[in-house]
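Q: coords please:
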Amino acid sequence: MQFLIHGVSSLNLTNDYLNHKCFLNQGTYNSGSKYKDNLNICLRAVRTGSSTMDGFLDMKMGEAPDSANVMFQCRGDTRGSKCNTCGDTAVAGFRKRCSMNKGGVIWYDQCFLWVSAINEDVQFKTDYKNIFPMYNPNNVRGDAKLFAKRVVDFLFELILTIPITTKRGSFLNLYSAGEKKLGKNTLYAMIECVSSTLDYESCLAWSINKLFKNGDIKQGGRVLGMNCVIRYELYPFLRS
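A: Below you'll find the model as predicted:
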């Protein structure tokens, strides 16, 4: 089988809403509160794009108990104005779906936004609670178990190709994507971790193992989390 690591051209590029979770245990804030002011400053930084041109923002504003913490990251192939557009979408989506909540996370195809009233170093510690799989509705033709094994093997191969010396601001860009021939089909896949997640290999391995844990073997799938993201499809879904 041919193994290629290079940019994957896009034939089906979207920025669909995927999922969200409001952190109800962090409570809500009132209009005119100091927390709201601090949160607005952080979210404006995401929307203006001046701090996210390289695809990543980790920002804290204010002091406890009114400190607002925001982390925003675009997918590895989404940069510049495209990242800014996704930032606008994520902020608007968070305000709509987690209105007045102090914390929450929202995922889109090309970016995700995390908000918290608790000062946490989520980029350095893997959160295994807020991880979930999604699947392409199409079934695999032929030997599904063999297909799943090849997907898993390829994703683990991609881990070995992560260019950990590539800087994203003061953080590491833990991202890799590629394609591989599977008979008449071509498998496209990507893996990515948030900034300098210290244990990124374990985070990715855990996500890969979760992908087919319940016997869901489809033509495409992904696992989304606050630290790591993986995805595979039988069609291109990334920019070159």
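
Q: any idea how many residues pack against the closest residue to Ala117 other than its chain neighbours?
A: Setting aside the residues directly before and after it, Ala117 is nearest to Lys102 in space (C-beta to C-beta, 6 or more residues apart in numbering), at 3.9 Å. Glycine gets a C-beta too; all of them are placed from N, C-alpha and C. Lys102: 25 surrounding residues under other C-beta atoms under 10 Å.

Q: so what's Lys102 up against?
A: Residues near Lys102 by C-beta atoms under 8 Å, 6 or more residues apart in numbering: Phe23, Gln26, Gly27, Thr28, Tyr29, Tyr35, Leu39, Ala68, Val115, Ser116, Ala117.

Q: so how far is Tyr188 from the second one?
A: Looking back up the chat, that one is Gln26. 37 Å (C-beta to C-beta, to the nearest Å).

Q: who has more neighbours, those two?
A: Tyr188 (23 against 15).

Q: now do the contacts for the more buried one.
A: Val8, Ala177, Gly178, Glu179, Tyr232, Glu233, Leu234, Tyr235, Pro236, Phe237, Leu238.

Q: including neighbour count, could those go into CSV?
A: Shown next, in CSV, are those (neighbours: other C-beta atoms under 10 Å):
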residue, neighbour count
Val8, 22
Ala177, 23
Gly178, 21
Glu179, 20
Tyr232, 25
Glu233, 21
Leu234, 18
Tyr235, 15
Pro236, 18
Phe237, 24
Leu238, 24
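
Q: and of these, the nearest to Lys82?
A: Here the nearest of these to Lys82, counting by C-beta to C-beta, is Leu238; it sits at 12.0 Å.

Q: pLDDT wise, what is that closest one at?
A: Per-residue pLDDT puts Leu238 at 92.

Q: helix, strand or coil for it?
A: coil (DSSP: H, G, I helix; E, B strand; the rest coil).

Q: hmm, Ala177 and it touching each other?
A: Yes - using C-beta atoms under 8 Å, Leu238 is in contact with Ala177, at 5.6 Å.

Q: name the helix or strand of this structure that has the lowest mean pLDDT.
A: strand 3-4 (a mean of 33; mean pLDDT, DSSP states H and E).

Q: any idea which element the nearest residue to Met226 once chain neighbours are set aside lies in?
A: Excluding its sequence neighbours, the residue lying closest to Met226 (C-beta to C-beta, 6+ apart) is Asp127, at 4.7 Å. Secondary structure assignment for Asp127, by DSSP states H and E: no helix or strand.

Q: and the one 3 residues further on, by the same measure?
A: Under the criterion of DSSP H and E, Asn130 resides outside all helices and strands.

Q: and for it, nearest residue in space, chain neighbours not counted?
A: Using C-beta to C-beta, 6+ apart and skipping residues adjacent in sequence, the residue nearest Asn130 is Met226, 5.2 Å away.
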